[in-house]
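*Asks:* got a sequence here, can you build the structure:
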Amino acid sequence: MSEATLQGTGSPTSPPGTQSSSPDTMSSTDPDDWTRLDTPALLVDLDRLELNVRTMADHAARNGLALRPHFKTHKSAAIARRQLEAGAVGITVAKLDEAEALIDAGVDASILLAYQVVAAPKLDRAMALAARGRLAIAVDGVEGARRLDTAARNAGLRLEVWIEIDSGLQRCGVVPADAPGLARALTMLDRLRLGGMFTHAGQSYAARDVAEVQTIAAAEAKAVIDAAAAARAIGIDVPIVSAGSTPTARHLIGGGGLTEIRPGTYVFYDALQIALGSARIEDCALMVATTVVSRPTPERAVIDAGSKTLGLDLGAHSSTLLTDYGRLVGTDGRLVRLSEEHGVLEIPADSPLVIGDRVRVIPNHVCSVTNLGRRFYGIREGIVEEVMTIDAAGGVH
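*Replies:* Numbers count the residues shown, from 1 in each chain. As a prediction, the model looks like this:
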């Protein structure tokens, strides 16, 4: 959709959009023009979304890699289905809430829970999900593995697990040299089966330029490839070797031992991805539609989206590339301050903005915005074509 199509001014009134009973259809009460939606509203340009999905799927296929995109970016079964239809081999999730949302929605896919599950009640929930779908769970230590083994035995299940490798983020995960020992320990636990090894170079979000992202991508791939090779050297099969964040994914190729990538943000992109050089502004598929509610001075305007809509991120994983709280589209100025319900714009004194005008914002960190929302309004050429439920909105468990 063009800048002109989306800009929209004035103060249109209409009933607020309501959540569709089906994520793939519109309710009869939803306005057909995005400028008539109640705000704040999450707008998804369907043409851009579908192009982003196809482009990453093509990159993976062209480079001999499977694609297992991360659900946490969009948390929508409707978008996960698009990714699977484009060739994704499965889905990655961050929390059990997300896995439950997918399975409850009837999405038939192999799901990797890239998170450690070590205590009740999560262990019980995980076993219930594993009984209903194809769920693999991350492990990064013997104690966690033993707890999963006990839970699987109590549930009468055999559970797939993947070893998480620390490739420099220094969060969870074992260093590559310790991976063979953990892999050997897993062979002693009869309810667990090693399905793969994976890593996430989240430190790429703090990179300063594309060259640094490329260096991080190379280190990311080497860490997980070396870990898998060391396990195979002692006779342990590692079927899947997985890496990838959105910044590093386009720099990763197969053929050297890597078999899979797991980017997430690429479906929408955001202001941080623009700053990192991973995307252009015209690639960004999600924007937050807001309304100007005040123009207290010539140099200041206030919109109806604050931290409860946009989050407070200046960039994931401590990025220093961003100084504003989102990127304005089609409007001169900067989003310089957020309170819970308000966003403060610093604008030129001669800005034509008036109360009631619509302003769109590309979020800094789109994953946080999605988690705070309830639905996406899918748009083509400014017209709302589809209302998609954010099935795991607010999901942190």
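
*Asks:* so where's the chain uncertain?
*Replies:* In the predicted model of the chain, residues 1-31, 317-318 satisfy pLDDT under 70.

*Asks:* how does it divide into domains?
*Replies:* Here the domain parsing of the chain from automatic domain parsing is 3-45+272-389, 47-268.

*Asks:* partner residues bridging the residue lying closest to residue 46 once chain neighbours are set aside?
*Replies:* With CB to CB, 6 or more residues apart in numbering as the criterion, residue 46 has its nearest non-adjacent residue at 4.7 Å, and that residue is residue 378. For glycine as for every other residue, the C-beta is placed from the backbone atoms N, C-alpha and C. With DSSP bridges applied, residue 378 shows beta-bridge pairing to residue 44, residue 386.

*Asks:* which ones are touching residue 378?
*Replies:* Residue 378 makes contact with 44, 46, 49, 384, 385, 386, 387, 388 under the criterion CB atoms under 8 Å, 6 or more residues apart in numbering.

*Asks:* would a markdown table of the domains of the chain with distance to residue 396 be doable?
*Replies:* Below are the domains of the chain laid out as a markdown table (distance: least, CB to CB, whole Å):
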| stretch | distance to residue 396 |
| --- | --- |
| domain 3-45+272-389 | 8 |
| domain 47-268 | 6 |
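
*Asks:* what's the neighbour count on the closest residue to residue 250 other than its chain neighbours?
*Replies:* In space, and not counting its chain neighbours, residue 250 is closest to residue 59: 6.1 Å by CB to CB, 6+ apart. By the measure other CB atoms under 10 Å, the count of residues near residue 59 is 18.

*Asks:* for residue 59, helix, strand, or coil?
*Replies:* Following DSSP: H, G, I helix; E, B strand; the rest coil, the label given to residue 59 is helix.

*Asks:* returning to what we had before: of the domains of the chain, which stretch is the most buried?
*Replies:* Most buried of the domains of the chain, by mean neighbour count (mean count of other CB atoms under 10 Å): domain 47-268, with a mean of 20.

*Asks:* show me how far that one is from its chain's centre.
*Replies:* 13 Å (CA atoms, centre = their mean, to the nearest Å).

*Asks:* quote the end-to-end distance of that domain.
*Replies:* 11 Å (CA to CA, to the nearest Å).

*Asks:* show me the contacts for residue 170.
*Replies:* Residues near residue 170 by CB under 8 Å, 6+ apart: none.

*Asks:* going forward, begin numbering at 9 instead of 1
*Replies:* Sounds good: first residue 9 from here, last item residue 178.

*Asks:* and residue 63, how far is that from residue 180?
*Replies:* 30 Å (CB to CB, to the nearest Å).

*Asks:* please apply the same query to residue 374.
*Replies:* Residue 374 is 23 Å from residue 180, by CB to CB.

*Asks:* about what we covered before: which of the contacts of residue 386 lies closest to residue 347?
*Replies:* residue 52 (26.0 Å; CB to CB).

*Asks:* spatially nearest residue to the most centrally placed residue in the chain (excluding sequence neighbours)?
*Replies:* Residue closest to the average C-alpha location in the chain (CA atoms, centre = their mean): residue 81, at 1.9 Å. Nearest non-adjacent residue to residue 81, counting by CB to CB, 6+ apart: residue 272, 4.0 Å away.

*Asks:* can you map out the helices along the stretch 109-258 of the chain?
*Replies:* Secondary structure of the stretch 109-258 of the chain (DSSP state H, counting those that start in this stretch): helices located at 130-140, 150-163, 187-195, 218-241, 254-257.

*Asks:* report all helices and strands that the longest one contacts.
*Replies:* Helix 218-241 makes packing contacts with strand 167-173, helix 187-195, strand 200-207, strand 248-251, helix 254-257 when contacts are defined by 3 or more CB pairs under 8 Å, 6 or more residues apart in numbering; DSSP states H and E.

*Asks:* what would the contacts of residue 386 look like in CSV with distance to residue 316?
*Replies:* Converted to CSV, the contacts of residue 386 look like this (distance: CB to CB, whole Å):
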residue, distance to residue 316
52, 20
54, 26
57, 24
392, 23
393, 27
394, 25
395, 21
396, 21
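
*Asks:* and those residues, which is closest to residue 240?
*Replies:* residue 57 (38.5 Å).

*Asks:* residue contacts, that closest one?
*Replies:* Contacts for residue 57 (CB under 8 Å, 6+ apart) come out as 87, 90, 275, 276, 293, 386.

*Asks:* which members of those residues are positioned in strands?
*Replies:* Judged by DSSP state E, the contacts of residue 57 include residue 386 as members of strands.

*Asks:* which of the contacts of residue 57 sits closest to residue 285?
*Replies:* residue 276 (16.7 Å).

*Asks:* dump the residue contacts of the closest residue to residue 184 other than its chain neighbours.
*Replies:* The shortest distance from residue 184 to any non-neighbouring residue, by CB to CB, 6+ apart, is to residue 235 (4.0 Å). Shown in contact with residue 235 (CB under 8 Å, 6+ apart): 171, 173, 182, 184, 187, 188, 205.
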